[in-house]
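# Got a predicted structure here, sequence first:
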Amino acid sequence: MTYDFGNTLVRVDRAGSRAVAAATAQALLRAGIVDEPATFLAVWAEERDRQFREEVPAGREVDLRQRFVRTLARLRGFPPPPADGRWDDPAAEPFADPAEISTGVDAYSRAFIRTMQPIAGAGDHLARMHARGFRLAVLSNWPLAATIDRYLQAKGWLPFFDAVVVSQRVGAIKPQPEIFREAARLLGSPPQRILHVGDDWAADVVGATRAGWHAAYLRGRQGDTPLPTSAPGDDASPDLVIDELAELEAAVAPVGPT
C-alpha cells in the first residue's frame, strides 16, 4: 500500500501554511536576510501561486529553492515577469547567495515539521497496517523530500515504511506514470497488487488507476488547503471511497507472494 502525504497523512491547511511561512520569515529576519517579514510573505505567496500555475499542468514539481531565489530577487529590486511571462531565473540567481537559500529552505522545512499536525489517527492506523504485514510506502508530490523524511522520523512513523517516494527525487509528479513505476520498483510488487490511498482525484485516483494500480479515494480533505486540488470526475473509478483512514482496515487484507 502507498499513501499520499499532504492531506492524507498530514493536514496541510491554509492557517498552518501561513504559520510555516511566517516562521520562515522570522528565521530569515534573525539571519539578516530580510528586513520586512510582511513584504517577504506577500511576495512568497505570489511566487508560490505562480509556480503552481506554471509547473503542475506540465507535470513538474515546484522548486522550493527557486521560489526563495525569486522572492529574494524581487525584494532586492529584480522585476518579476508579467503574469503571462516566464522568469529569467539565471538573471535572478545573483540576487540571492546560496547560503541564504539554504538557510531559507532549512527554516521552511523545520517550521513545517513543528507546525503541521498529523491527520487524526494516522499514526495508529499505520502501525496497525504494518503489524498486519502490509508493505507500506509514502508516494507524494512534494517540493522537498527531506521534509517528508524528517517528518516521518519526528513522528516515529519511519519504521512503518519500506519506501518513501517523493516527486522531487523522481523528477515527475503524480499523476505521471514515472513516479508510480518507481514506487512499484521499490516495493518489489506488480502494479495490480498495490493500493494507493490519497485525497486528490487527479493525482491519486487517476494516476494510480492509469498505472494499473488499485486506488482508495480519501474524500473531503481539500476544502481548505493551498495545495493544488482537483474534483472527482468520470475519468477514473476508485476501488474504495473512504472518509477516514481507519475504514481501510476492514476493507483490505495483505496477500502473500505470487
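Thanks, I have the structure now.
# Start and end of stretch 4-16, how far apart?
18 Å (C-alpha to C-alpha, to the nearest Å).
# And stretch 201-218, by the same measure?
9 Å.
# can I see the domain layout of the protein?
As assigned by automatic domain parsing, the chain contains the domains 2-12+118-251, 14-115.
# quick check, distance from the shortest one to the centre of its chain.
Spelled out, that is domain 14-115. The chain centroid and the centroid of domain 14-115 are separated by 16 Å under C-alpha atoms, centre = their mean, to the nearest Å.
# on that earlier part again, buried deepest among the domains of the chain, which one?
Of all those, domain 2-12+118-251 has the most neighbours on average by mean count of other C-beta atoms under 10 Å, namely a mean of 19. C-beta here means a position set from N, CA and C on the backbone, and glycine is covered the same way.
# how about JSON lines for the domains of the chain, with mean pLDDT added?
What follows is these, written out as JSON lines (pLDDT from 0 to 100):
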{"stretch": "domain 2-12+118-251", "mean pLDDT": "96"}
{"stretch": "domain 14-115", "mean pLDDT": "96"}
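# and residue 60, what is it in contact with?
172-173 (C-beta atoms under 8 Å, 6 or more residues apart in numbering).
# quick one, strands of the stretch 101-250 of the chain?
136-140, 161-166, 195-198, 214-218, 240-242 (DSSP state E, counting those that start in this stretch).
# OK, contacts around the closest residue to residue 66 other than its chain neighbours?
Using C-beta to C-beta, 6 or more residues apart in numbering and skipping the chain neighbours, the partner closest in space to residue 66 is residue 89 (6.5 Å). Residue 89 sits next to 66, 69-70 when contact means C-beta under 8 Å, 6+ apart.
# Name the helix or strand for residue 28, please.
Assigned by DSSP states H and E, residue 28 belongs to helix 14-30.
# tell me what that helix is packed against?
Taking 3 or more C-beta pairs under 8 Å, 6 or more residues apart in numbering; DSSP states H and E as contact, the helices and strands that helix 14-30 lies on are helix 37-55, helix 98-115.
# what would these look like in a markdown table with distance to residue 182?
What follows is the helices and strands packed on helix 14-30, written out as a markdown table (distance: least, C-beta to C-beta, whole Å):
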| stretch | distance to residue 182 |
| --- | --- |
| helix 37-55 | 19 |
| helix 98-115 | 22 |
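# out of those helices, nearest to residue 75?
Closest to residue 75 of the helices and strands packed on helix 14-30 is helix 37-55 (C-beta to C-beta; 6.3 Å).
# neighbouring contacts of the closest one?
18, 21-22, 25-26, 28-29, 34, 61-63, 66-67, 70-71, 74-75, 80, 86, 226, 228.
# cool, and stretch 117-126?
So stretch 117-126 is contacted by 3, 7-11, 16, 136, 155-157, 160, 244-246, 248-249 (C-beta under 8 Å, 6+ apart).
# Kindly recompute the last result at 6 Å.
9-11, 157, 160, 245-246 (C-beta atoms under 6 Å, 6 or more residues apart in numbering).
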